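Participant: Model the following, please.
(chains A and B)
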Protein chains: 2
Amino acid sequence: MSDYDIRGEISYRKSRIDRILKDMLPVPQGYASTVIEAMNYSVEAGGKRLRPMLMSECYHLFADEGTDYVPEETLRSYMGAIECIHTYSLVHDDLPAMDNDMLRRGMPTTHAKYGEAIAILAGDGLLNYAMELVSRAVASGSAEDMPRLARAQRLIFDRSGIYGMIGGQCADVEAEDGKGTLDADLLGYIHRNKTAALIIASMLSGAILGGADEDDQGVVALIAMRLGVAFQIRDDILDIEGSEDTLGKPIGSDEKNDKLTYVAVHGMEKARQDVETMTAEAHDLLEHLPGDKTFLHELFDELVTREN
Amino acid sequence: MSDYDIRGEISYRKSRIDRILKDMLPVPQGYASTVIEAMNYSVEAGGKRLRPMLMSECYHLFADEGTDYVPEETLRSYMGAIECIHTYSLVHDDLPAMDNDMLRRGMPTTHAKYGEAIAILAGDGLLNYAMELVSRAVASGSAEDMPRLARAQRLIFDRSGIYGMIGGQCADVEAEDGKGTLDADLLGYIHRNKTAALIIASMLSGAILGGADEDDQGVVALIAMRLGVAFQIRDDILDIEGSEDTLGKPIGSDEKNDKLTYVAVHGMEKARQDVETMTAEAHDLLEHLPGDKTFLHELFDELVTREN
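Facilitator: Numbering: from 1, shown residues only, chains lettered A, B, ... in the order given. The predicted structure follows:
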């Protein structure tokens, strides 16, 4: 254990991100107020804010060392957008036709609170709002910044769609229907796309906005893939070993839903081992990047040993 | 009746757009193939292609007279995007938790064919794909075109979200719950947002991409609002007077669903009259714009007298 207070640092950064999100979310008003309330509820229900946190850290690695970065105000729009995308995917994933979860982080899921129709629209509204935030940032960017803003935008929506997160969701849904198929290829595809794709989008867009050159962008992508997959394997482990209190949702819910998990395919021992290997590789790769990497090193360890 | 063969012209333009969409849609492959198939099915199930058609016509009004336009290939990405947005809204609108429709244009709706989970993901995938198409177009635009591409992008996603289409959908869902409330203000909000907002986005982004100046953009927005609302009132009229054969869905389904319609609030006579007035205003305003407006004039008349 180092003296570094990683939990305190995470909590401080999380509270800053919570405030950024609060300022950025639409204000419920007029005839659309219910769907806007449901969007706000879904985002404010909490979560680790991991994706905007990683984006911001990767931005600062480069921005703090160089001169070739976009304004922090612009970064904040992208941070808000990535959290909206992540949140919408949870809202739709919780729906009765998908995982049918009534609780998330100890609170009623969006459809449990607002009904299915509004939850569908709130998810749509959040994905669209992500695009509104980024579109406004691109449209109001300086002529110098605009190409990089457009590149970061493209990267995010490439990774959140059928060639990324939604592709992973589709495979996950179908894996449940083919109950009991222990297909390692399919599992790898799901982990790389359902979870890691958005982590890659977060870290890589942060690096691009912070002024990373192409070589460094490549290193960031390699780190993000390892971190994203290790994070998801830890999730699979926690679903078996965690407690309902710390998780905020019923344990064993993956088994209940016949989810294809890393533990089911590879066993608990290899699951733990692979998390360790991937995390070690992420640490090694991180050393190739500029800037103060203390927080990121500590965050990686915290994420892959977390209890919820 | 003029000698102009408007139905032939519409059909010709529609077939060109169908081909553009076919070239643009993702190819089903790998573990994500089911959701990609469902996306393709939803788009290829047909429809009038009204929104990309209006976008293309408005682009050409200005591009054919001036020099200040983006390449047609770029326009096509935006045309594809607006049809993806329109289609996703139908896929989600048809879901059991929303309108619960099993047929659209005489074919099984997406959830009827692929199940609810894949239909939710296909809708998400289409909205995200719209962003992918536009993001790629912006990112690969010339330095000269990029600000205008970003402005058109922003306009589209502003109008498709909670301050436009999704806002209208939310109000529509709640109007059904408050069965029988004949609230003219609420109805106006729903029509302006649920339907007209995307028509405005289509026409106005086409004009921007074609090089329209700010004054002309203002005129286009006024036309689009009138056309969009008249189009929706005609829809309400058809739900009562149309035949199931030409509509491709059960007639009276709005009444069945306790929909707040223009006919229910204002009566059939005023509904017909207002369609006529708004269409006449759209024609008058159109005369203020440059270029060959024959097709648009004829299209307006066709849309507000259509039988399906």
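Participant: just how off-centre is stretch A:7-18 within its chain?
Facilitator: Computed by CA atoms, centre = their mean, to the nearest Å, the chain-centroid distance of stretch A:7-18 equals 16 Å.
Participant: Next, the buried residues of that stretch.
Facilitator: A:10, A:13, A:14, A:17, A:18 (16 or more other CB atoms under 10 Å in any protein chain shown). Backbone N, C-alpha and C define where each C-beta goes, glycine included.
Participant: would residue A:307 count as being in a helix?
Facilitator: No - counting by DSSP: H, G, I helix; E, B strand; the rest coil, residue A:307 falls outside a helix, being coil.
Participant: Can you pull the phi and psi angles for it?
Facilitator: Phi and psi for residue A:307, reported as degrees, to the nearest 10, are phi -100, psi 0.
Participant: what's the answer for residue A:103, then?
Facilitator: phi -130, psi 140.
Participant: Please, where are all the helices along the stretch 201-308 of chain A?
Facilitator: Secondary structure of the stretch 201-308 of chain A (DSSP state H, counting those that start in this stretch): helices at A:214-241, A:244-247, A:253-256, A:262-286, A:294-305.
Participant: Check the ones you listed for me: which has the lowest mean pLDDT.
Facilitator: The weakest mean pLDDT among the helices of the stretch 201-308 of chain A belongs to helix A:244-247, with a mean of 62.
Participant: which of the residues in the helix or strand containing residue A:79 are buried?
Facilitator: In this assignment (DSSP states H and E), residue A:79 forms part of helix A:72-93. Buried residues in helix A:72-93, counting neighbours by 16+ other CB under 10 Å, are found at A:74-93.
Participant: Next, the angle helix B:72-93 makes with that helix.
Facilitator: 40 degrees (axes from the mean of the first three to the mean of the last three CA atoms, to 10 degrees).
Participant: helices or strands up against helix A:72-93?
Facilitator: In terms of contacts (3 or more CB pairs under 8 Å, 6 or more residues apart in numbering or on different chains; DSSP states H and E), helix A:72-93 is packed against helix A:6-24, helix A:33-44, helix A:50-63, helix A:116-139, helix A:146-160, helix A:165-177, helix A:197-210, helix B:116-139.
Participant: which stretch in those is the model least sure about?
Facilitator: Note on these: lowest mean pLDDT is at helix A:165-177, with a mean of 92.
Participant: re earlier: next one: the helix holding residue A:79 to chain centre, how far?
Facilitator: The answer for helix A:72-93 is 9 Å, by CA atoms, centre = their mean.
Participant: For it, C-alpha coordinates in CSV please.
Facilitator: The C-alpha trace of helix A:72-93 is given here as CSV (Å, rounded to 0.1, in the frame of the first residue of the first chain):
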residue,chain,number,x,y,z
GLU,A,72,-11.1,22.6,-20.8
GLU,A,73,-14.6,23.9,-21.3
THR,A,74,-14.7,21.9,-24.6
LEU,A,75,-13.3,18.8,-22.9
ARG,A,76,-16.2,19.0,-20.4
SER,A,77,-18.8,18.7,-23.2
TYR,A,78,-17.1,15.5,-24.2
MET,A,79,-17.0,14.2,-20.6
GLY,A,80,-20.7,14.9,-20.3
ALA,A,81,-21.4,13.2,-23.6
ILE,A,82,-19.6,10.0,-22.7
GLU,A,83,-21.4,9.7,-19.4
CYS,A,84,-24.8,10.3,-21.2
ILE,A,85,-23.9,7.4,-23.6
HIS,A,86,-22.9,5.1,-20.7
THR,A,87,-26.0,6.0,-18.8
TYR,A,88,-28.4,5.5,-21.7
SER,A,89,-26.9,2.0,-22.3
LEU,A,90,-27.7,1.1,-18.7
VAL,A,91,-31.2,2.5,-18.9
HIS,A,92,-32.0,0.4,-22.0
ASP,A,93,-30.1,-2.6,-20.7
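Participant: That helix vs helix A:146-160, what angle?
Facilitator: 20 degrees.
Participant: returning to what we had before: how about the helices and strands packed on helix A:72-93 in TSV, adding distance to residue B:185?
Facilitator: Output for the helices and strands packed on helix A:72-93, formatted as TSV (distance: least, CB to CB, whole Å):
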stretch	distance to residue B:185
helix A:6-24	29
helix A:33-44	14
helix A:50-63	38
helix A:116-139	21
helix A:146-160	36
helix A:165-177	37
helix A:197-210	40
helix B:116-139	29
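Participant: Among these, which comes closest to residue B:156?
Facilitator: When the helices and strands packed on helix A:72-93 are compared by CB to CB, helix B:116-139 sits nearest residue B:156, at 7.0 Å.
Participant: residues in contact with the closest residue in space to residue A:82 that isn't next to it in sequence?
Facilitator: Nearest non-adjacent residue to residue A:82, counting by CB to CB, 6 or more residues apart in numbering or on different chains: residue A:51, 4.6 Å away. For residue A:51, the contact set (CB atoms under 8 Å, 6 or more residues apart in numbering or on different chains) comprises A:82, A:83, A:86, A:198, A:199, A:201, A:202.
Participant: Now do the first one, the pLDDT please.
Facilitator: You'll see residue A:82 listed with a pLDDT of 98.
Participant: Was I right to think it contacts residue A:202?
Facilitator: Yes - in terms of CB atoms under 8 Å, residue A:82 counts as a neighbour of residue A:202; the distance is 5.2 Å.
Participant: Which neighbours do these two have in common?
Facilitator: Counting by CB under 8 Å, 6+ apart, the residues touching both residue A:82 and residue A:202 are A:51, A:52, A:55.
Participant: Distance check, residue A:78 against chain B.
Facilitator: 13 Å (CB to the nearest CB, to the nearest Å).
Participant: likewise residue A:222?
Facilitator: Residue A:222 is 22 Å from chain B, by CB to the nearest CB.
Participant: quick one, what contacts that residue?
Facilitator: By CB under 8 Å, 6+ apart, residue A:222 lies in contact with residue A:285.
Participant: can you count the residues close to residue A:208?
Facilitator: The number of residues packed near residue A:208 is 26, by other CB atoms under 10 Å in any protein chain shown.
Participant: Looks like residue A:9 contacts residue A:295 (just checking).
Facilitator: Yes - between residue A:9 and residue A:295 there is a contact under CB under 8 Å: 5.9 Å.
Participant: Now residue A:20. Nearest residue, chain neighbours left out?
Facilitator: Residue A:20 sits nearest to residue A:76 (CB to CB, 6+ apart), 5.3 Å away.
Participant: is it true that that neighbour touches residue A:19?
Facilitator: No - assessed by CB under 8 Å, residue A:76 is found out of contact with residue A:19, at 10.3 Å.
Participant: and the gap between residue A:143 and residue A:307?
Facilitator: 48 Å (CB to CB, to the nearest Å).
Participant: now do residue A:6
Facilitator: Taken as CB to CB, the span from residue A:6 to residue A:307 is 14 Å.
Participant: again, but for residue A:237
Facilitator: Taken as CB to CB, the span from residue A:237 to residue A:307 is 10 Å.
Participant: same question, residue A:86
Facilitator: Taking CB to CB, one finds residue A:86 at 20 Å from residue A:307.
Participant: What of residue A:240?
Facilitator: Remark: distance between residue A:240 and residue A:307 (CB to CB) = 13 Å.
Participant: Show me which of these two is the more surrounded one.
Facilitator: residue A:240 (15 against 11).
Participant: how far away is the spatially most central residue of chain A from residue A:89?
Facilitator: Residue closest to the mean C-alpha point of chain A, counted by CA atoms, centre = their mean, is residue A:51 at 4.3 Å. Distance, residue A:51 to residue A:89, using CB to CB: 11 Å.
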